[in-house]
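>>> I would like the atomic coordinates for the input below:
(4 chains)
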There are 2 protein chains.
Amino acid sequence: MEFKEAKNKFVQTWGALGSQWGINKTMAQIHALLMVSHEPISMEDIMDELQISRGNASMNLRALMDWGIVYKEYKAGERKEFFTAEKDLDELAVKISRERSKREIKPALKILKEVSAIESDGTAAEKHFVDQTTKLYDFVLKADNVLDKITEFKDNWLAKLVVKMIK
Amino acid sequence: MEFKEAKNKFVQTWGALGSQWGINKTMAQIHALLMVSHEPISMEDIMDELQISRGNASMNLRALMDWGIVYKEYKAGERKEFFTAEKDLDELAVKISRERSKREIKPALKILKEVSAIESDGTAAEKHFVDQTTKLYDFVLKADNVLDKITEFKDNWLAKLVVKMIK
DNA sequence: ATAAACTTTCATTTTTTTTTGAAAGTTTAA
DNA sequence: TTAAACTTTCAAAAAAAAATGAAAGTTTAT
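So this is what the prediction gives:
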C-alpha cells in the first residue's frame, strides 16, 4: 500500500467511525485529514481532497473549532486561513469527552434527576421507576466523572490513585 | 410531576441521548421503556406506548436482543411474546461496550494497523503519517481495553489493581 | 473608496436513515 | 389440516440529516 492510498483509507475509516458515534462523516474526515497532515491545510485543499463544497467545509471546520480540536492558523504573507488539528491524543480525548459531557451528558443528568424525584404512590410500577432512574442517575454521574479522573491521574497515576482511595 | 409524565420524559431523553451516540432513537426509546418497567411488556404495548408501527417495533426489538440487552419472555398461557431489559447497569455497560468494540473499534483497529504499516519514504509528510497513525493505533487499543479492565476489577478492584501494576 | 481575496450563511437539493404496512412466514390449538 | 394468533420481512414512503452553491459578508491592499 502506498501513502496516498493509506491516507485515503484512514480518512474513510475515521469518517465511518465518526458517524457510528454520532459525529457527522465529513467532520470526522476533515479531522482525520488534519490529524495526519504534518502541515496546516487551507480550506481550498480540504475541499479538493475530500471533494466537498465550500459551504460544507466551512461549517464543519467551524464545528471542529467549537469542539476545540482544530485550530486556525495564519501563514505570513498568505491571505487565506490554514487549519491544524490537535495532535496530542490525550488532549484530544479530554476535549472530546469534556464537550460530550457538557453538551449531552449533563443535560441528560438533569432530566434523570428530575424524573427520579417524583413522589411515588407505593405501587410496584412507580417504586421500580424511581429506583431504576435513581440508579441510572448515580451510574451516569459516576461514568461521567471517569474521564476527569483519568486526566487528573495521568502522571504518576498509581500513587495518586492509592492515596485517593485510602483517604 | 406525575408518573406518566416522568416516564415519558425519561423515554424521550434516553431516545435523544441514544441518537447523539449513534443509536437509533426508537431503539433507545424501547430500551428506556423496558428498563423502567417492572414487568415484561408485549410488542403490542410497546407499539402503543411509543406510537410506532409493528415493523419498527419488531426490527428494533431484534436489534436490542442482538446487542444482548433485551430478552424475550414467555408468559404461561399467553401466546404472545413479552420483552424485558437488562436492568443491572454494570452488566448493561459491559454488554454495550463489548458490542461496540466488536462491531466498530476492532475493525477500525485493523485498518489503523494496516495503514500505519506502510513503508515510509523519508519525507516529512509520510513520516508524520506513520507516526501519528501508530500512536492512534496504540491509543485506541488501550482505550478499547479499559472497559474490560474495569469489568475484571469490579470486585475488590483496588487490591487487584495494585497487584497487577506491581508485577 | 474600491476591488480583490477570501469566508460565512442559509434556502434549496440531495443523500441517508428510519418508518411504515401489508404480505409472507411461523407457531399453536382444535 | 385448517385457521387463528401472532411475528418477521422488505419494498416503498416519509422523515431527518447533510451537502450544495450562490449571494452576502468580511478583511486587506491599493
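
>>> Would you mind giving the domain segments of chain A?
The domain map for chain A lists A:3-85, A:89-166, with the assignment taken from automatic domain parsing.

>>> average pLDDT for the one helix or strand A:Gln29 maps to?
Using DSSP states H and E, A:Gln29 sits in helix A:25-35. Averaged across helix A:25-35, pLDDT comes to 98.

>>> Tell me how far that helix lies from the chain's centre.
Averaging C-alpha positions (C-alpha atoms, centre = their mean, to the nearest Å) puts helix A:25-35 13 Å from its chain's average.

>>> Quick one: residues in contact with that helix.
Applying C-beta atoms under 8 Å, 6 or more residues apart in numbering or on different chains, the contact partners of helix A:25-35 are A:7, A:10-19, A:41, A:46, A:49-50, A:52, A:56-57, A:60-61, A:63-64, A:69-70, A:83-85, A:87, B:132, B:136. Glycine gets a C-beta too; all of them are placed from N, C-alpha and C.

>>> quick one: which of the residues you listed sit in strands?
Mapping the contacts of helix A:25-35 onto strands (DSSP state E) picks out A:Ile41, A:Val70, A:Phe83, A:Thr84, A:Ala85.

>>> Pretty sure the fourth one sits against A:Val36.
No - in this structure, A:Thr84 sits apart from A:Val36 without contact. The criterion is C-beta atoms under 8 Å, and the distance is 11.5 Å.

>>> Out of the two, name the residue with the larger neighbour count.
A side-by-side neighbour count of A:Thr84 and A:Val36, using other C-beta atoms under 10 Å in any protein chain shown, places A:Val36 first with 24 against 16.

>>> That one: what's it in contact with?
Contacts here follow C-beta under 8 Å, 6+ apart; on that basis A:Val36 touches A:Lys7, A:Phe10, A:Val11, B:His128, B:Phe129, B:Gln132, B:Thr133.

>>> hey, which helix is longest across chain A?
Secondary structure of chain A read by DSSP state H shows that its longest helix is helix A:124-152.

>>> So what does the residue sitting furthest away from the middle of chain A look like in phi/psi?
When each C-alpha in chain A is compared with the mean C-alpha position (C-alpha atoms, centre = their mean), A:Gly122 comes out farthest, at 41.6 Å. Note on A:Gly122: its backbone torsions stand at phi -70, psi 10 [degrees, to the nearest 10].

>>> residues contacting it?
Taking C-beta under 8 Å, 6+ apart as the definition of contact, A:Gly122 has no neighbours.

>>> how near is it to chain B?
Between A:Gly122 and chain B the computed distance is 12 Å (C-beta to the nearest C-beta, to the nearest Å).

>>> picking up where we left off before, quick one: check the helix holding A:Gln29 for contact with DNA strand C.
No - looking at helix A:25-35 against DNA strand C by C-beta under 7 Å from any atom of the strand, there are no contacts, and the closest approach is 7.6 Å.

>>> Many thanks, we can stop here.
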